[in-house]
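# return atomic coordinates for the entry below.
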Amino acid sequence: MARRKSNLHVVDTNNNNEENPKATVRQLKVKIDDLITTDPYTNNQKLFFKNYANNNAFLLHGSAGTGKTFIAMYKALEEVLDMGNPFNKVIICRSAVASRDIGHLPGDQQEKTEVYMRPYIDMCEELFPGKSQPFQRLLEQKNLEWMITSFVRGITLDNAIIIVDECQNMNDMEINSIMTRMGSKSKIIFCGDFRQSDLYKNRSDMSGLQKFMVIAEMMKSFNIVEFQTDDIVRSEMVKEYIIARQQYEEQYQ
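I've put the predicted structure just below:
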């Protein structure tokens, strides 16, 4: 699993050779059998896996590099591709906020937002190692949908598992819009870390995550998992850096 190999214990159950260019549509379709088999690696990953089947609302928040989005994608795709489940698709929703203002991007709506798809394309390639372009195939077979918060208003999200990623980059009204779009037989998973917000704190456009964390605590439906530095699995360097940064902030700020 290349970049995220340390996130989870992974057993590749695919023994597929490179696909024949003349493969049938059935062979090209992404199926649950193509999904890698994974086990949670840290205690908080285990907690999420344990509670996943019996809850329809999650808030996964905390340190960077803990695999929050990756495990959310894995469990959501596993459930959607299971023919006996009530969900039709996984919807990935995030705000189109960059860490630095680089001006207007050229192109139409899809071209402008494709840059934000890259992490999920990479995740799907790791989750379906025997398939070519699994992210695109999942989109084509309607098992996966991508949207940004700018286009959430006015729709109802039924029979879907909604992954709200990088939610620290959403203001209060964006989070409110997503929560009020949830329809019947849907599941929602928020992933984020309020320490990593790319919104400008000196403007009215502030992160709404900390307010939402308090609201979620008041809701019986939400299962909240807070990921700590002990859960960091991206790399030892990332773990060392985040611990040192937190120590710096405690001493000097």
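
# so Y41 sits against F70, correct?
No. Counting by C-beta atoms under 8 Å, F70 is not a contact partner of Y41; they are 10.4 Å apart. Every residue, glycine included, has its C-beta placed from N, CA and C.

# who's more crowded, these two?
Using other C-beta atoms under 10 Å as the criterion, Y41 and F70 rank with F70 on top: 25 against 18.

# could you work out the end-to-end span of stretch 81-88 for me?
One end of stretch 81-88 sits 8 Å from the other (C-alpha to C-alpha, to the nearest Å).

# before we move on, what SS does I91 have?
strand (DSSP: H, G, I helix; E, B strand; the rest coil).

# so S184 is in which element?
S184 belongs to no helix or strand when elements are defined using DSSP states H and E.

# likewise for V214?
Taking DSSP H and E as the definition, V214 sits inside helix 209-217.

# okay, buried residues for that helix please.
209, 212-213, 216 (16 or more other C-beta atoms under 10 Å).

# from those residues, pick the one nearest T37.
Relative to T37, the closest of the buried residues of helix 209-217 is A216; by C-beta to C-beta it sits at 30.6 Å.

# wait, that closest one touches F58, no?
No. Using C-beta under 8 Å, A216 is not in contact with F58; the gap is 9.2 Å.

# which neighbours do the two share?
Residues touching both A216 and F58 (C-beta atoms under 8 Å, 6 or more residues apart in numbering): 190, 222, 224.

# now list the buried members of the residues you listed.
190, 222.

# can you redo the shared contacts of A216 and F58 as JSON lines with distance to F49, secondary structure and pLDDT?
Formatted as JSON lines, the shared contacts of A216 and F58 follow (distance: C-beta to C-beta, whole Å; DSSP: H, G, I helix; E, B strand; the rest coil; pLDDT from 0 to 100):
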{"residue": "F190", "distance to F49": "17", "secondary structure": "strand", "pLDDT": "97"}
{"residue": "F222", "distance to F49": "17", "secondary structure": "strand", "pLDDT": "97"}
{"residue": "I224", "distance to F49": "15", "secondary structure": "strand", "pLDDT": "97"}
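
# mind putting the shared contacts of A216 and F58 into a markdown table with distance to T66?
Shown next, in a markdown table, are the shared contacts of A216 and F58 (distance: C-beta to C-beta, whole Å):
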| residue | distance to T66 |
| --- | --- |
| F190 | 14 |
| F222 | 19 |
| I224 | 14 |
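
# closest one to R234 out of the shared contacts of A216 and F58, please.
Nearest to R234 among those, with distances taken as C-beta to C-beta, is F190, at 19.9 Å.

# tell me what the closest one is bridged to.
L59, V164 (DSSP bridges).

# which ones are touching it?
When contacts are counted by C-beta under 8 Å, 6+ apart, F190 touches 58-61, 164, 167, 212, 216.

# now do the strands in the stretch 51-200 of the chain.
Secondary structure of the stretch 51-200 of the chain (DSSP state E, counting those that start in this stretch): strands located at 57-62, 89-94, 144-148, 160-164, 187-192.

# ok, of those strands, where does mean pLDDT dip lowest?
Note on the strands of the stretch 51-200 of the chain: strand 144-148 shows the lowest mean pLDDT, a mean of 91.

# hmm, back to that, and the strands of the stretch 51-200 of the chain as JSON lines, adding distance to L28?
JSON lines is the format used below for the strands of the stretch 51-200 of the chain (distance: least, C-beta to C-beta, whole Å):
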{"stretch": "strand 57-62", "distance to L28": "32"}
{"stretch": "strand 89-94", "distance to L28": "18"}
{"stretch": "strand 144-148", "distance to L28": "15"}
{"stretch": "strand 160-164", "distance to L28": "23"}
{"stretch": "strand 187-192", "distance to L28": "28"}
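
# ok, which of those comes nearest I232?
strand 57-62 (9.5 Å).

# packing partners for that closest one?
With contacts taken as 3 or more C-beta pairs under 8 Å, 6 or more residues apart in numbering; DSSP states H and E, strand 57-62 sits against helix 43-52, helix 68-80, strand 187-192, helix 209-217, strand 222-227.
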